[in-house]
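Engineer: Model the structure of this input:
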Amino acid sequence: MVDCLDSIRARADDPQTRTDRVAPRESRTFTPASPEQIAATEASLDFSLPPFLVRVYTQIGNGGFGPGRGLIGVPGGATDEHGNSILDLYDSYAASNPDDDRWHWPERLVPICHWGESVYSCVDCSVAEATIIVLDLTDYAPGRDLKELMVPLDVSIESWLRAWARGADLWREMYPLELE
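Structural biologist: Next up is the predicted model:
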């Protein structure tokens, strides 16, 4: 049986399958993150990243491949189109919003994948299973409860990336009626 990391690596290494929503010539897998980069990120976050995600970052690459536009890396790796690492995004979302007193970012919820528009997949680092939660800010307005814009997928980061490596259409799984 092929190891999950080997399956992810095989898809990440092929420019035609590296991401779901970026043209092959515009995508690239970043070099693996060093243990020091991971340690610095975790120290800044003040909590640990899921062990499987750390293995992906240190053994395959520091983002640039995966679902949507690809995984966003720790500082020094892949970023979203605004130049944000997972640490930048977490710090930005975790900050209070002076224009919205209902903005309360869940502790240990880290955006790791940008799909475009205002949709991110996040990993919940507060639970051992490290489950994926979809954040869709498309309908965000000040005063709206963020929890209304989050959909837990009830799948671990490992299962989620394993499904991607097998070729699952994770966008369709998140939004099954949109493409009908």
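
Engineer: now what about the least confident helix or strand in the chain by mean pLDDT, what contacts it?
Structural biologist: For the chain, the helix or strand with the lowest mean confidence is helix 170-174, at a mean of 81 (criterion: mean pLDDT, DSSP states H and E). Helix 170-174 has contacts (CB atoms under 8 Å, 6 or more residues apart in numbering) with 20-21, 67-68, 115, 119, 121, 134, 151, 153, 160, 163-164, 178-179. Heads up, the C-betas are built off the backbone N, CA and C, glycines and all.

Engineer: Relative to the whole chain's centre, how far out is that helix?
Structural biologist: How far helix 170-174 lies from its chain's middle: 14 Å, per CA atoms, centre = their mean, to the nearest Å.

Engineer: Any stretches of this protein with poor pLDDT?
Structural biologist: 1-2, 24, 176-180 (pLDDT under 70).

Engineer: how about 50 then?
Structural biologist: Counting by pLDDT under 50, the chain contains low-confidence residues at 1, 179-180.

Engineer: Pretty sure Pro111 sits against Val119.
Structural biologist: No - Pro111 is not in contact with Val119 according to CB atoms under 8 Å; the separation is 10.1 Å.

Engineer: if I look at these two, which residues touch both of them?
Structural biologist: Joint contacts of Pro111 and Val119 (CB under 8 Å, 6+ apart) are Leu135.

Engineer: between these two, which one's more packed in?
Structural biologist: Shown here are Pro111 and Val119; by other CB atoms under 10 Å, Pro111 has more neighbours (22 against 18).

Engineer: quick check, the more buried one in a helix?
Structural biologist: No - according to DSSP: H, G, I helix; E, B strand; the rest coil, the state of Pro111 is strand, so it is not within a helix.

Engineer: Look up how far Ser7 lies from it.
Structural biologist: Going from Pro111 to Ser7 by CB to CB, to the nearest Å gives 24 Å.

Engineer: Ala165 now?
Structural biologist: 4 Å.

Engineer: who has more neighbours, those two?
Structural biologist: Ala165 (21 against 17).

Engineer: Now for that one: which residues touch it?
Structural biologist: So Ala165 contacts Cys4, Ser7, Ile8, Ala10, Arg11 (CB under 8 Å, 6+ apart).
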